[in-house]
Every structure is written in C-alpha cells, then in structure tokens.
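In: The sequence isn't on hand, but the structure is:
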C-alpha cells in the first residue's frame, strides 16, 4: 500500500516477521469486521469477525509458526483502540514496587511477548510484568 487512497479502508495493521525474512501483514478494515492477510502461508486469506478473529485465531496461529509481531498501529481509525493518553507518556497507576520481589518497576510502551503486545509495567529485577489496560 503506497498512498492514503489505497489504504483508506484500513483501520489497523499488524506486521509480523520471522527468521528468514518471511513477512505477514494483517489488516483490519474500517468496517471493524473485515480482515485480510497478505504474505505467509495465509496469503490472500479473507475473514470476517474483526479483532476477535485477529486476536484469537490469526495472531496465535502465526506466533505458533514462528512469526513475531514487529509492529501494530492504527492507520485510519478515527478512535484508536487501546490508546493510553499521549503516545510514549507513562500512564497513571504505576506500582510502587514489584509485588513479587520488591524491585523498582518501569513502564515499557509496546512490550511484546509471544502472545500479546501492549504497554506494560515490568520489574527491573525478576521481570514480573503487568499490562496496562485502558
């Protein structure tokens, strides 16, 4: 997709990659229902069901196949989902210390694990973590 005119129908994009340079792009369209997959073993896959299909089927299937979410961003979403104030700004609600080991806790924007991506509080000691929910 090279211009706004070509991606005006896209609300959100997930880019996934794995070793060897394989890439997959998953699109959620602005109707909040239509899903399209470009690249990888599901190239050309069309689905209905919106974020539910992406989060419960497509992302887990691709991470199980060795893909990792390298970016996830709103394209033409008038009200971005999971927005927490100013991008990169530390949200309110920081734990005073890690509940597991007592070490300091730091904020990490877009923390990525095998199954989830998002803003999180992470312990500097034992790496306990908790995702920030909006």
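Out: Right, received. Where do you want to start? What you see is a predicted model; the values in this text were computed from it and never measured. Numbering: from 1, shown residues only.

In: contacts, neighbours, all on C-alpha from now
Out: Will do.

In: Quick check: end-to-end length of stretch 119-128?
Out: 14 Å (C-alpha to C-alpha, to the nearest Å).

In: Could you give me the buried positions within that stretch?
Out: Within stretch 119-128, the residues that qualify as buried by neighbour count (16 or more other C-alpha atoms under 10 Å) are 119, 120, 121, 122, 123, 124.

In: Going along the chain, name the helices of the chain.
Out: Secondary structure of the chain, counting by DSSP state H: helices at 4-7, 50-53, 59-64.

In: Pipe those into a markdown table and attach mean pLDDT and mean neighbour count per row.
Out: Output for the helices of the chain, formatted as a markdown table (pLDDT from 0 to 100; neighbours: other C-alpha atoms under 10 Å):
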| stretch | mean pLDDT | mean neighbour count |
| --- | --- | --- |
| helix 4-7 | 51 | 11 |
| helix 50-53 | 89 | 16 |
| helix 59-64 | 89 | 17 |
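
In: And those: which comes nearest residue 70?
Out: Evaluated with C-alpha to C-alpha, the helices of the chain place helix 59-64 nearest to residue 70, the distance being 11.3 Å.

In: closest to residue 14 out of the helices of the chain?
Out: If we rank those by C-alpha to C-alpha, the stretch that ends up nearest is helix 59-64, at 9.0 Å.

In: pLDDT averaged over stretch 100-118 - what is it?
Out: Stretch 100-118 shows a mean pLDDT of 80.

In: Tell me how far it lies from the chain's centre.
Out: The offset between the C-alpha centroid of stretch 100-118 and the centroid of the whole chain comes to 14 Å, using C-alpha atoms, centre = their mean, to the nearest Å.

In: Distance to residue 31 for the helices of the chain - can I get that in a markdown table?
Out: As requested, those are arranged in a markdown table below (distance: least, C-alpha to C-alpha, whole Å):
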| stretch | distance to residue 31 |
| --- | --- |
| helix 4-7 | 13 |
| helix 50-53 | 9 |
| helix 59-64 | 20 |
